[in-house]
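Colleague: what follows is a predicted structure for the sequence shown.
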Amino acid sequence: MPLRPALATAAGAVLLLLAAAPPALAGSDVTAEPKETVTVDKTVRMAADGTVTVAGTYRCADSTGPVFVSASVGQKSSTARYAIGGTLAVCDGKKHRWENKSKTSSATLKHGKANVEATIVELRPADDLGGLPLPHFHATSKTDITLTKA
């Protein structure tokens with residue numbers, strides 16, 4: 001058998017074996033906790049004046065610039081999303097609570113089902129751009145929630 005087809009056959013066999021092999025931790029009770037996460041509470045409050053309060057937890061590590069937890073709310077009845085503030089984050093590897101508030105028009109959002117996108121974003125200085133800060137995303141979450149009266 002010529003060398004090229006033999007190498008291709010061997011490489012294909014190795015790939016098939018790797019694909020069929022169980023993960024190294026399969027069946028093990030060991031699970032790695034994510035280094036960076038962001039969560040959103042299932043209930044989000046909206047006051048009569050349109051102030052929306054979104055909260056949850058976050059964990060991040062290894063930042064060199066300022067870090068924020070941002071959130072936006074949307075409803076299926078609209079294609080628009082509404083930014084709900086930003087909270088300064090501490091990226092020390094520990095779990096922290098966050099809460100963002102923002103006032104929207106009373107016609108903008110309605111009580112009921114909605115979804116929240118929360119993101120941990122760092123403004124990391126880019127050396128090759130003269131220190132211009134560029135966004136670096138640590139974690140993101142998309143969560144279905146209930147928008148209730150505050």
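Modeller: Alright, I've got the coordinates. Numbers count the residues shown, from 1 in each chain.
Colleague: can we go C-alpha only for contacts and neighbour counts from here?
Modeller: Will do.
Colleague: can you list the weak-confidence ranges in this protein?
Modeller: The chain contains residues with pLDDT under 70 at 1-33, 106.
Colleague: state the distance from residue 67 to residue 45.
Modeller: With distances taken as Cα to Cα, to the nearest Å, residue 67 is found 25 Å from residue 45.
Colleague: let me fix that, I meant to ask about residue 51.
Modeller: 8 Å.
Colleague: same check on residue 80?
Modeller: On the measure of Cα to Cα, residue 80 and residue 45 end up 19 Å apart.
Colleague: now do residue 61
Modeller: Residue 61 is 29 Å from residue 45, by Cα to Cα.
Colleague: the two - which one has more neighbours?
Modeller: Each of residue 61 and residue 45 has its neighbours counted (other Cα atoms under 10 Å); residue 45 has more, 18 against 13.
Colleague: direction included, what does the helix or strand harbouring the more buried one pair against?
Modeller: Secondary-structure element containing residue 45, defined by DSSP states H and E: strand 43-46. Within its sheet, and counting by DSSP bridges, strand 43-46 is paired with strand 51-59 (antiparallel), strand 132-149 (parallel).
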